[in-house]
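1. dropping a prediction and its sequence here:
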Amino acid sequence: MEFVTKNAPHLRRPNASVIRMMRDVVIALSPLVLFALVVHGLTALWILLVAVGSMVATEYIYYQIIDKMNGEKFKINNKSFTVYNFSVLVSGLIYGLILPDEIPLVVVAIGGVVGVFLAKLIFGGMGQNIFNIAAFARVFVTLSFGTALVYAENIDSVLGATPLGALSANLFDASVVESYSYWTMFSGIGLPGSLGETSALLILAGGLYLFLRKSFDIFVPLTYIGTVFLISLGVMFTQDLGIWYPLTHLLSGGLMFGAIYMATDPITIPTTRPGRIYFAFGLGILTFIIRFFGDLPEGVVFAILIMNMFVPAIDYHKWAQSKFTFRSVSIFAVVVLISVISILVGVHYVG
């Protein structure tokens, strides 16, 4: 594999059209936006507008200040402003869609400003950030304003208690499927949760569109979702539970949304196919650990930020490989086996 050293900014898919990729993501997200507006009404509209607007305004003002400091004249059409290639728009949309409907608008705005500034602008702008911007903003809001505010004790103000919230309170309680049918969890109709994370059907439809457009690496969401399913399936067998347990982990919460729209961010994932598989596997492991052993019912955004920090190590040229080898597959298989067994032992101990 050939490694190329260039001056910044760095984009991990140099031959890809940024405008095309980002536009495809906006199109894929459109059904989820409409679904959120139907379910949550004007509340969703204001949250999405503030989420997008705060990120767009922050980036625009930042680059105007930078131009002023460099002695350049004021220009409305700033050359560094990424709204023209849909980049900051995508970040704002994703950020808004992973927020609950009961969050105050001022908190949404603060998270958008801090997210785009600390996760993108201070790194040098598009192509140089190491953290997923939307995930960073969401975690900042969670940690800064408290889980009681952001998750509202796992209650959606429109629909009620979330399935993962109920499962977190009662680890092996099958009553969660009595409250929400598989169709409810798949369609999102009548399912509580963040604005854009409830409808697995629409999330998968958007993912299929991105796959057909070749706008993301499908192995990332497949590995991520497959890892969580594998572990939860192991818990099902070892704890004598039903198929409802792994299906609840897959169809509720932010797993599918995060796997398709956030974990696939071309800027913040490894460059090689093996590296992306390792990255996605790590996401699955961390997500399940946070969900089961942590105090929060959801772990997707935290897992994404943690694994973002390991991307430079995964891409380190001395061990990064463009293709799997027998040795790398063998080592990875052992890591998978040890990881799954360790988690199952911990689940048995806690259970």
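-> Arrived safely, thanks for sending. This is a predicted model, so every value here is computed, not measured.
2. doesn't P221 belong to a helix?
-> Yes - assessed with DSSP: H, G, I helix; E, B strand; the rest coil, P221 lies in a helix.
3. how much space between the closest residue to it other than its chain neighbours and P100?
-> Counting by C-beta to C-beta, 6 or more residues apart in numbering, the nearest residue to P221 once its immediate chain neighbours are dropped is A259, at 3.9 Å. Using the backbone N, CA and C atoms, a C-beta is placed for each residue, glycine as well. A259 is 20 Å from P100, where distance means C-beta to C-beta, to the nearest Å.
4. neighbour count winner among the two?
-> Neighbour comparison, A259 and P100: the larger count goes to A259, with 28 against 23 (by other C-beta atoms under 10 Å).
5. so who does the more buried one touch?
-> By C-beta atoms under 8 Å, 6 or more residues apart in numbering, the contact list for A259 reads 220-221, 224-225, 280, 283, 300.
6. can you pull out the helices in the stretch 51-200 of the chain?
-> Remark: helices assigned in the stretch 51-200 of the chain by DSSP state H, counting those that start in this stretch are 87-97, 105-119, 133-145, 147-150, 163-169, 175-179, 182-187, 200-212.
7. V56 contacts V88, doesn't it?
-> Yes - counting by C-beta atoms under 8 Å, V56 does reach V88; the two are 5.5 Å apart.
8. who's more crowded, the two?
-> Neighbour totals were compared for V56 and V88, and V88 leads with 25 against 19 (other C-beta under 10 Å).
9. in contact with that one, which residues?
-> Counting by C-beta under 8 Å, 6+ apart, V88 makes contact with 55-56, 59, 81-82, 116.
10. just G284 next, same as before
-> Residues in contact with G284 (C-beta under 8 Å, 6+ apart) are 223-228, 230-231.
11. restricted to helices, list these.
-> Cross-referencing the contacts of G284 against helices under DSSP state H gives 223-228, 230-231.
12. quick check: the nearest residue to A137 once chain neighbours are set aside vs G41, distance?
-> Nearest non-adjacent residue to A137, counting by C-beta to C-beta, 6+ apart: G115, 2.6 Å away. Between G115 and G41 the distance is 25 Å, computed by C-beta to C-beta.
13. how about F145?
-> Distance of F145 to G41, given as C-beta to C-beta: 23 Å.
14. low-confidence ranges, the stretch 1-150 of the chain, go.
-> 1-16, 79-80, 146-150 (pLDDT under 70).
15. do a quick rundown of the strands in it.
-> For the stretch 1-150 of the chain, strands defined by DSSP state E, counting those that start in this stretch do not occur.
16. same check on the stretch 151-300 of the chain?
-> Going by DSSP E, counting those that start in this stretch, the stretch 151-300 of the chain shows strands at 155-156, 160-161.
17. mean pLDDT for those: which is lowest?
-> Lowest mean pLDDT within those: strand 155-156, a mean of 42.
18. for L29, which non-adjacent residue is closest in space?
-> Per C-beta to C-beta, 6+ apart, closest to L29 is L93, 5.4 Å.
19. and the one you found, how far from T198?
-> L93 sits 16 Å away from T198, taking C-beta to C-beta as the criterion.
20. am I right that N85 is in contact with R20?
-> No - here N85 does not reach R20: they are 9.3 Å apart, not a contact under C-beta under 8 Å.
21. between the two, which one's more packed in?
-> N85 (17 against 14).
22. list the contacts for that one?
-> Contacts of N85 (C-beta under 8 Å, 6+ apart): 18-19, 22, 126.
23. quick one: residues contacting the spatially most central residue of the chain.
-> Central residue of the chain (C-alpha atoms, centre = their mean): G258, 3.1 Å from the mean position. Contact partners of G258, counting by C-beta under 8 Å, 6+ apart, are 98, 135, 224, 300-301, 303-304.
24. which of these lies closest to R327?
-> Y224 (24.1 Å; C-beta to C-beta).
25. any idea how far the closest one is from A57?
-> 32 Å.
26. more neighbours, those two?
-> More crowded of Y224 and A57, by other C-beta under 10 Å: Y224, with 32 against 15.
27. tally of neighbours for L337?
-> L337: 10 neighbours (other C-beta under 10 Å).
28. what's the answer for R138, then?
-> Burial measure for R138: 29 neighbouring residues, criterion other C-beta under 10 Å.
29. got any ranges where the stretch 151-300 of the chain has weak pLDDT?
-> For the stretch 151-300 of the chain (pLDDT under 70), the answer is 151-161, 168-169, 297.
30. recalculate using a threshold of 50.
-> 151-160 (pLDDT under 50).
31. quick one: closest of the helices of the stretch 51-200 of the chain to V334.
-> Nearest to V334, of the helices of the stretch 51-200 of the chain and by C-beta to C-beta, is helix 133-145 at 29.5 Å.
32. do I have it right that T82 meets T58?
-> No - here T82 lies out of contact with T58, judged by C-beta under 8 Å, at a distance of 11.6 Å.
33. check contacts around Y245.
-> 172, 232, 235-236, 239.
34. circling back to that earlier point, which one's more surrounded, T82 and T58?
-> Applying other C-beta under 10 Å to T82 and T58 shows that T82 carries more neighbours, namely 24 against 21.
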